[in-house]
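> Need the 3D shape of this:
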Amino acid sequence: MNAENADHVSIAWRPPTLRDIAWVCFRSRRLVLISFCSIFLGSLGYVLIFPRTYQAETEILVKRERADPVVTTENNAAPVLTTGVTEEDLNSEVELLQSRDLLEKVVMTCGLDREPPRSLIDSLLRTIAKLVPEQDGPDLAVPRAVRSLQKKLKVEAIEKTNLIKVSYKSSDPKLAATVLQTLMSFYLDKHLQVHRPPGTF
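This is a model prediction of the structure:
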C-alpha cells in the first residue's frame, strides 16, 4: 500500500501595486483608450446638448375673504363672510396664471423673445428656422417664446391645500427668478381686475 504525500503551498494575498495596474493597462491599452474616449466624448456631448438648468419656485396662497351681502327685506342684514376655497377656485387661478395674454406680457417684459441660444440644439433649431421661409408672418419670435415659456413653466395646485405651486426652469438662475417675479406681478394685477366687483375702485 503506497502512501502519497502532498505538499500544501499557501499563497498570501497582497494588494495590487501601481506597477501591476500599469502593466494591466499597458497590456489592454486599446480597450482602455476606447473606454476613455467614449466616456469623454459622451460627457462632452451631454454638456453641449443639455446645459445645466436652474429651477425657481414660488407658492401662492389662495384665500377668499370677500363679504357677500345677504339679500333680505331687513335693513340691518349682516354680511356673510365666505372663507372656503373650492377646487374650482384653485383651478381658475391656475388657468389665470397660464393665460396666453399674461405669458405674452412676461415674454415682452423679460425679453424672452430676444434670448440668446443656451445650447447647441437650440442654436441649430434657430438657424434652421431662419433658413425656412416663414408663411405665418414676418415676426414669430414672440409666439415661439410663449410656447417655450409654456413648456418650461409648471403650474399646479397642491392637493388638499389652498396653495398653488409655480416653477420655471432656465439655464440662467437670474432669468429664472426674474421670470417668476414678473409673472407674479402681472398675475396679481389680473387677479384684481377679474375678481373686482363692478363699480368699485
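> any weak-confidence spans in this structure?
1-14, 46-51, 65-83, 116-139, 196-201 (pLDDT under 70).
> Helices of the protein, residue ranges please.
If DSSP state H is used as the criterion, the helices of the chain fall at 18-27, 29-49, 87-97, 100-110, 120-131, 141-152, 173-195.
> nearest to residue 158, of those helices?
Closest to residue 158 of the helices of the chain is helix 87-97 (C-beta to C-beta; 8.8 Å). In short, each C-beta sits where N, CA and C put it, glycine included.
> Residue 156 and residue 98 touch, don't they?
No. Residue 156 is beyond contact range of residue 98, at 10.4 Å (criterion: C-beta atoms under 8 Å).
> More neighbours: the two, which one.
Relative neighbour count places residue 98 above the other of residue 156 and residue 98, with 16 against 12, counting by other C-beta atoms under 10 Å.
> how much space between the more buried one and residue 30?
Distance of residue 98 to residue 30, given as C-beta to C-beta, to the nearest Å: 55 Å.
> what's the answer for residue 164, then?
Distance, residue 164 to residue 30, using C-beta to C-beta: 57 Å.
> So between these two, which is more surrounded?
Legend: neighbour count by other C-beta under 10 Å for residue 164 and residue 30, higher for residue 164 (21 against 8).
> how about the more buried one, what does it touch?
Contact analysis of residue 164 by C-beta atoms under 8 Å, 6 or more residues apart in numbering lists 59, 60, 62, 90, 93, 94, 97, 155, 156, 157, 158.
> Which one of these is nearest to residue 108?
Taking C-beta to C-beta as the measure, residue 108 sits nearest to residue 97 out of these, at 17.1 Å.
> Check the burial of that closest one by counting its neighbours.
Residues lying near residue 97 (other C-beta under 10 Å) number 20.
> Next: the one 4 residues further on.
Around residue 101 sit 9 other residues, with neighbours defined as other C-beta under 10 Å.
> likewise residue 62?
When neighbours are defined as other C-beta under 10 Å, residue 62 has 17 of them.
> so what's it up against?
Residue 62 is in contact with 85, 89, 90, 93, 162, 163, 164, counting by C-beta under 8 Å, 6+ apart.
> Mark which of those residues are buried, thanks.
90, 93, 162, 164 (16 or more other C-beta atoms under 10 Å).
> Check those and tell me the two furthest apart.
Across those (C-beta to C-beta), the longest gap, 9.9 Å, separates 93 and 162.
> picking that back up, of all the helices of the chain, which one is nearest residue 55?
Nearest of the helices of the chain (C-beta to C-beta): helix 173-195, 6.7 Å.
> Show me what that closest one is packed up against.
Here helix 173-195 touches strand 54-61, helix 87-97, helix 100-110, strand 163-170, going by 3 or more C-beta pairs under 8 Å, 6 or more residues apart in numbering; DSSP states H and E.
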